[in-house]
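Peer 1: Compute the structure for the input listed below.
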Amino acid sequence: MLMRKRMIRKGLRLVLAALLLIVSVSFYHSAIADLFSFSVNSEERLYGFGIYLAAAAGCYGVVLAVLGFLMQGGIRDAGVRLLPYFLLIALAVLLFFWLLVSSFNKASNPGYLRPGETITI
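Peer 2: You can find the predicted model right below:
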């Protein structure tokens, strides 16, 4: 046993959670804001806070995974499987890029009107 697989698994779980949080906040922040009846300012704060939490969780997950690779493994680490987590992370990255590319093809939403703006028909 050259590595501590349980620690790597915890790190990979945090990285996966960070990726899913980035996907949900980046592409569905307006739906989340509508669900909870947030204002425009609260929606912007939700986006910023979600990206901040994702960055913090992702960094901590990477540190845990790297330390798990460097530390000596034990008997309890023999039955831990890491491949499913690598596959889930790869799937989350593919989901992010698929949503990113599909957002380029979607018609742009004009968004909210600022005070004093009018709609010209």
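
Peer 1: going forward, measure contacts and count neighbours with C-alpha atoms only.
Peer 2: OK.

Peer 1: Would you mind measuring from residue 45 to residue 91?
Peer 2: 28 Å (C-alpha to C-alpha, to the nearest Å).

Peer 1: swap that for residue 18, please
Peer 2: Residue 18 is 13 Å from residue 91, by C-alpha to C-alpha.

Peer 1: neighbour count winner among these two?
Peer 2: Using other C-alpha atoms under 10 Å as the criterion, residue 18 and residue 91 rank with residue 18 on top: 26 against 13.

Peer 1: so who does residue 20 touch?
Peer 2: residue 92 (C-alpha atoms under 8 Å, 6 or more residues apart in numbering).

Peer 1: Distance check, it against residue 10.
Peer 2: The separation that residue 20 has from residue 10, given C-alpha to C-alpha, amounts to 15 Å.

Peer 1: who does the strand or helix carrying residue 100 touch, helix- and strand-wise?
Peer 2: Per DSSP states H and E, residue 100 falls inside helix 83-105. Applying 3 or more C-alpha pairs under 8 Å, 6 or more residues apart in numbering; DSSP states H and E, one finds that helix 83-105 makes contact with helix 5-35.

Peer 1: And the next helix or strand past the helix it packs on?
Peer 2: helix 40-70.
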